[in-house]
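Asker: Next comes the sequence, and after it the predicted model I'd like to discuss.
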Amino acid sequence: MTPSAKNWGYAFAKQAMADFETWIALQGFEKIPSCQKLHFLQMACEKICKAHLCKLPGAKPEDFQSSHAFIAKVLAIVVRQQLSETPNPPKNARFLASRCGHLAREIELLHPSVQDGGRRPDNCEYPWNQGNLLYIPCEWSFPSLNLLEEPAGRTLLKLIHSAIGRLLVPAE
Amino acid sequence: MNDREIIAKLLAEKHYHIEPSITEIHTIHSGTLSQPPQLEPIKLLEVNPNTVASGILPLWFDAVPASGIPYPSVIIEVTPGEYEQIRRNELKLPDGWLLGQPIPRPELESSSP
């Protein structure tokens, strides 16, 4: 039987949770470079976005398979919806949404194919050339994504985790 | 207003509040129901100058009755330029969906952050 949109959405969500939990598990290992850890966060965020795109009846997962440059937009909407669905949302929901949007863009830029028109070649997978200097991801600190210390960083992580978890609950 | 319209308005107002850059929210209606009424999602088109143009990307969210949203929802966010293209029928909504009524921003909400 051909998998349904619901099946695809669940599958992407399940993999997103595996990626996210791996990112969490790696946090305590100082010897593992940030690029390796953030790669799992980038993959988790991409998959949660694809889960929401795939769940629409009639959606074609192959349309999104090779696409990476929509995470910031979609994640911002996911965060907004997640805050809307929270029975007692935080009073600074506007600030959180704004900051989460900024962090979502930084997560999107982790993918090597997303470079902001060449302005942001830094990524979590491949070496890059900038200003005739060669940079290596495993030696790059990714200062904008020190999420445990960035304003709203921890909240974004909680919202991402909740959003993935919600996709894994049978629809009410 | 029926229950679905009330919930759509409630959801739109929450989105206006959380994202002050949203300038307009419209309902979207299907020509015919593709699912039983209780499973038919609330569909909202949200115009946000701070988003990027990406074409029509409908995002599905399951119902969350515990949070007062007993219907699934579909959110489509577009730039003002894309919104104008939709109005001119140059950019099509999926499955024959049609732009519905606007849901205005609540009066007490300002659009400034």
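Answerer: Yes, it's here. Residues are numbered from 1 along each chain as shown, chains lettered A, B, ... in the order given.
Asker: measure residue A:47 to residue A:65 for me?
Answerer: Relative to residue A:65, residue A:47 is positioned 11 Å away (C-beta to C-beta, to the nearest Å). Backbone N, C-alpha and C define where each C-beta goes, glycine included.
Asker: Neighbour count for those two, which is higher?
Answerer: Each of residue A:47 and residue A:65 had its neighbours counted (other C-beta atoms under 10 Å in any protein chain shown), and the higher figure belongs to residue A:47 (24 against 8).
Asker: what stretches of chain B score poorly on pLDDT?
Answerer: Chain B contains residues with pLDDT under 70 at B:31-39, B:108-113.
Asker: Spell out which parts of it neighbour chain A.
Answerer: Residues of chain B found near chain A (C-beta under 8 Å from any C-beta of the partner chain) are B:11, B:14-15, B:17-20, B:34-35, B:50-52, B:54, B:57-69, B:72-75, B:77, B:94-95, B:113.
Asker: Mind checking which of those residues are buried?
Answerer: Buried members of these, scored by 16 or more other C-beta atoms under 10 Å in any protein chain shown, are B:11, B:14-15, B:17-20, B:51, B:54, B:57-64, B:69, B:72-75, B:77, B:94.
Asker: Out of these, list just those in helices.
Answerer: B:11, B:14-15, B:17-18 (DSSP state H).
Asker: Please identify which of those is nearest to residue A:97.
Answerer: residue B:18 (4.8 Å; C-beta to C-beta).
Asker: Report the separation between that closest one and residue A:134.
Answerer: 42 Å.
Asker: swap in residue B:65?
Answerer: For residue B:65, the distance to residue A:134 (C-beta to C-beta) stands at 54 Å.
Asker: mind listing what the residue sitting nearest the centre point of chain A touches?
Answerer: Nearest residue to the geometric centre of chain A (C-alpha atoms, centre = their mean): residue A:45, 2.2 Å. Going by C-beta atoms under 8 Å, 6 or more residues apart in numbering or on different chains, residue A:45 touches A:16, A:71, A:75, A:104, A:107-108, A:160.
Asker: tell me, how many neighbours does residue A:60 end up with?
Answerer: 12.
Asker: For it, grab phi and psi.
Answerer: For residue A:60, the backbone dihedrals are phi -110, psi 110 (criterion: degrees, to the nearest 10).
Asker: From residue A:53, how far off is it?
Answerer: From residue A:60 to residue A:53 the distance is 10 Å (C-beta to C-beta).
Asker: Which member of the ones in helices among the buried ones among the residues of chain B next to chain A is positioned nearest residue A:139?
Answerer: Proximity of these to residue A:139 was ranked by C-beta to C-beta; the top entry is residue B:18 with 38.0 Å.
Asker: Would you confirm that that closest one contacts residue A:95?
Answerer: No: applying C-beta atoms under 8 Å, one finds residue B:18 not in contact with residue A:95, separated by 10.0 Å.
Asker: For the residue nearest to the spatial centre of chain B, what is the enclosing helix or strand?
Answerer: Nearest to the geometric centre of chain B sits residue B:44, at 1.2 Å (C-alpha atoms, centre = their mean). Assigned by DSSP states H and E, residue B:44 belongs to strand B:42-47.
Asker: Residues contacting that strand, please?
Answerer: Residues from elsewhere that reach strand B:42-47 (C-beta under 8 Å, 6+ apart): B:4, B:7-8, B:11-12, B:15, B:19, B:22-30, B:58, B:69, B:71-80, B:83, B:86, B:93, B:97, B:99, B:103.
Asker: From the chain's centroid, how far away is that strand?
Answerer: 1 Å (C-alpha atoms, centre = their mean, to the nearest Å).
Asker: partners of that strand, with directions?
Answerer: Using DSSP bridges, the strands paired with strand B:42-47 are strand B:24-29 (antiparallel), strand B:73-78 (parallel).
Asker: Can I get the last one in CSV, CA atoms only?
Answerer: Listed in CSV are the C-alpha atoms of strand B:73-78, where the atom choice follows Å, rounded to 0.1, in the frame of the first residue of the first chain:
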residue,chain,number,x,y,z
SER,B,73,-5.0,23.7,10.8
VAL,B,74,-3.1,24.5,7.6
ILE,B,75,-1.0,27.7,7.6
ILE,B,76,0.4,29.3,4.4
GLU,B,77,2.7,32.3,4.9
VAL,B,78,3.4,34.5,2.0
